[in-house]
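Asker: turn this into a structure:
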Amino acid sequence: MHPAATIDIRRDRRHAIDPLIYGHFLESAFFGNIEGGVFDEGSPLAYGGDDARNGLRQDVIELCRELGLPVVRWPGGNFTSAYHWEDGIGPRDSRPRRLELAWGSEESNHFGTDEFLAWCAEVGTEPYLAHSCRDVDEAVRWVEYTNYGGNTEYTRRRALNGHPAPYGVKYWGLGNEVYGDWQMGHRSAAAYAADAAEHARFMRAVDPSLRFIAVGKTDDRDGWTKTVLGAVGNQIDYLSFHLYGATTQLIDGDAEYDAIVAQSLYFEQQIVEYSDLVGGIAGERPLALALDEWNIRHVEPATWPEPQPSDDGGTVARDVDGRPAHPAHRVNRWSPRTLADALFYAGVFHALHRAGGREVPVAMANTVNLLNANGVIVARPNGAVRAATYHVWDLYQNHLGPIALAADVRSPGKLTAVRQGDERDHRGEFRAYPATVPDLDVSATQTADGNSIRVAVINRHRDTAIRADLTLDASRDALPARAAVKQLTADDVLASNSLTAPDAVSLRDLGTVELTDASYDFPPHSITLLSFDLN
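Answerer: Got it, this is the predicted structure:
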């Protein structure tokens, strides 16, 4: 039985999709992001030699090149707030080893500015450097080191470190989650806004082409956004915000499926509300949003043994018998991404596509993380593998068009409690609010030349295929009768990839198929891309 749905693609309502929404994030000292991830000194899989590429994992670079990375944020994250960039330049054996308090480890500083920018050049991505926004002079000298073309002490040091020409770093973050008392340098909105304005002014004096991302916040009951924009809104280009989903799939297994895939609705609600809030405050300078941290967290009880990475790409088996399964507050940073996670990610991309047409669009997004630590690539000493979610980026970034078209969709669905990410109530339970979750979620796009319509369809229903009738501009005859089909699915909704089973979840090319009566049956728990050639 295939419940009926309709999808009408409208070419009269369109807007551009900013490619920076497919961006990524790396954080130093964070669960294998850097050391043991993109950087592994002495590994046979890494570059040797004497330049800044020494230690960069070549297998990881190849997977990143294959995918394509539009922008990558570094060094954090929470790590940013206490980071001093000059600790990470010059001969590695002379760099100070520091106690870092963001994640409670020791930082070797062997991967610093030159290593990150060398990695960006190898991968072919745009770097986004985040500064603590706690020291104007330090920030100015960082811009001088990376971008200034004159003859100063800092440009001579850059040349001595192997890069005489300026790097030309365009994107700069002014702090990270400064509103939170977990940050070193936590301060009020007024204090932060004054600091951000001063940092932006003098950093831009070194390089007028810089584009700034200031700290925003969706839980804005204290008026943070208005205060920040009032002081620095005429100097910045993006206002950041962070969103995290949460799942207990490590405890409750596939019973969590519906809760996982529905959380993209929570993300979309937050995006729309924050866009509206910023749009009502922003001045004359065009402003965009940067969702520069987002993911879905796999949470578990802190009473369980600490998770450890396995050589195969997952976690080492643990004995949890007799240990309570709740409350679940600790994030497992090593658990692999699953098919259910992939459908959630796809739903977030649909939300970002739709948000691109708003007055204040989301014009950059950076998932946490690119590598290991719940990333789209998993690296271990003996190799690297594409996580299940890698294929979501591939599908949306490399196979959809850059122009979003409206899609009017009628779909079966159900009224259910939608989890509000990792937000908890006074009892420590997840917050959830009733909403209708449609089985089908559609993002329709067009190629730049206008010759192809690309339609991505998520079927969230776990067990049932959904038949949909497709039309273009309300006409069944306007769409060709044949479409090229790509599909992401698996038998198990919690399937994940590993070094020994790298294709348990993979993007399948089904070739060209005939659409009977302009309809298509979308399989359960799947993402399908239909590509129509209009020539």
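Asker: helix or strand next in line after the host helix or strand of Tyr274, which one?
Answerer: Assignment of secondary structure by DSSP states H and E places Tyr274 within helix 257-279. Beyond helix 257-279 in the direction of the C-terminus, DSSP H and E gives the next helix or strand as strand 288-300.
Asker: quick one: strands adjacent to that next one?
Answerer: With DSSP bridges as the test, strand 288-300 is paired with strand 238-247 (parallel), strand 330-331 (antiparallel), strand 362-367 (parallel).
Asker: the longest one: how far from the chain's middle?
Answerer: A distance of 9 Å separates the centroid of the chain from that of strand 238-247, by C-alpha atoms, centre = their mean, to the nearest Å.
Asker: so what touches stretch 193-207?
Answerer: Outside of stretch 193-207, the residues that reach it under the criterion C-beta atoms under 8 Å, 6 or more residues apart in numbering are 131, 133-134, 136, 139-140, 143-144, 147-148, 172, 174-175, 187, 210, 212, 214-215, 227-228, 230-232, 235-236. Heads up, the C-betas are built off the backbone N, CA and C, glycines and all.
Asker: which members of those are positioned in helices?
Answerer: With helices defined by DSSP state H, the entries of these inside them are Val136, Ala139, Val140, Val143, Glu144, Asn147, Thr227, Val228, Gly230, Ala231, Val232.
Asker: can you tell me the helix or strand for the closest residue to the third one other than its chain neighbours?
Answerer: It stands for Val140. Computed as C-beta to C-beta, 6 or more residues apart in numbering, the closest residue to Val140 that is not its neighbour in sequence is Phe202, at 5.1 Å. Per DSSP H and E, Phe202 falls inside helix 189-206.
Asker: can you give the distance from that helix to the centre of its chain?
Answerer: 26 Å.
Asker: one step back: which of the ones in helices among the contacts of stretch 193-207 sits closest to Ile9?
Answerer: Taking C-beta to C-beta as the measure, Ile9 sits nearest to Val228 out of those, at 38.6 Å.
Asker: check the residue nearest to that closest one when sequence neighbours are not counted and give its pLDDT.
Answerer: Ranked by C-beta to C-beta, 6+ apart and with sequence neighbours excluded, the top spatial neighbour of Val228 is Ala193, at 4.7 Å. At Ala193 the predicted local distance difference test score is 98.
Asker: Ala193: neighbour count?
Answerer: The number of residues packed near Ala193 is 24, by other C-beta atoms under 10 Å.
Asker: tell me the SS of Ala325?
Answerer: coil (DSSP: H, G, I helix; E, B strand; the rest coil).
Asker: give me the neighbour count for it.
Answerer: 14.
Asker: so what sits opposite the spatially most central residue of the chain in the bridge?
Answerer: Centre of the chain computed as the mean C-alpha position; nearest residue by C-alpha atoms, centre = their mean is Thr367, 1.6 Å away. Beta-bridge pairing of Thr367, defined through DSSP bridges, involves His24, Trp294.
Asker: helices of the protein, start to end?
Answerer: Along the chain, the segments classed as helices by DSSP H run 58-67, 113-123, 136-147, 153-160, 189-206, 224-232, 249-252, 257-279, 339-355, 390-399.
Asker: closest one to Ala384 among those helices?
Answerer: In terms of C-beta to C-beta, the element of the helices of the chain nearest to Ala384 is helix 58-67, at 4.7 Å.
Asker: low-confidence ranges, the chain, go.
Answerer: Counting by pLDDT under 70, the low-confidence segments of the chain come to 1-3.
Asker: could you export stretch 86-101 as PDB, CA atoms only?
Answerer: Below are the C-alpha coordinates for stretch 86-101, written out as PDB (Å, rounded to 0.1, in the frame of the first residue of the first chain):
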ATOM      1  CA  GLU A  86      51.600  32.600  18.200                       C
ATOM      2  CA  ASP A  87      52.000  29.300  20.200                       C
ATOM      3  CA  GLY A  88      51.400  27.500  16.900                       C
ATOM      4  CA  ILE A  89      53.900  29.000  14.500                       C
ATOM      5  CA  GLY A  90      57.700  28.500  14.000                       C
ATOM      6  CA  PRO A  91      59.700  25.300  14.500                       C
ATOM      7  CA  ARG A  92      57.500  22.600  16.000                       C
ATOM      8  CA  ASP A  93      60.000  21.500  18.600                       C
ATOM      9  CA  SER A  94      60.200  25.000  19.900                       C
ATOM     10  CA  ARG A  95      56.400  25.500  20.300                       C
ATOM     11  CA  PRO A  96      55.100  25.500  23.900                       C
ATOM     12  CA  ARG A  97      53.000  22.600  25.100                       C
ATOM     13  CA  ARG A  98      50.000  24.100  27.000                       C
ATOM     14  CA  LEU A  99      47.400  22.800  29.400                       C
ATOM     15  CA  GLU A 100      44.100  23.700  27.600                       C
ATOM     16  CA  LEU A 101      41.000  24.000  29.700                       C
END
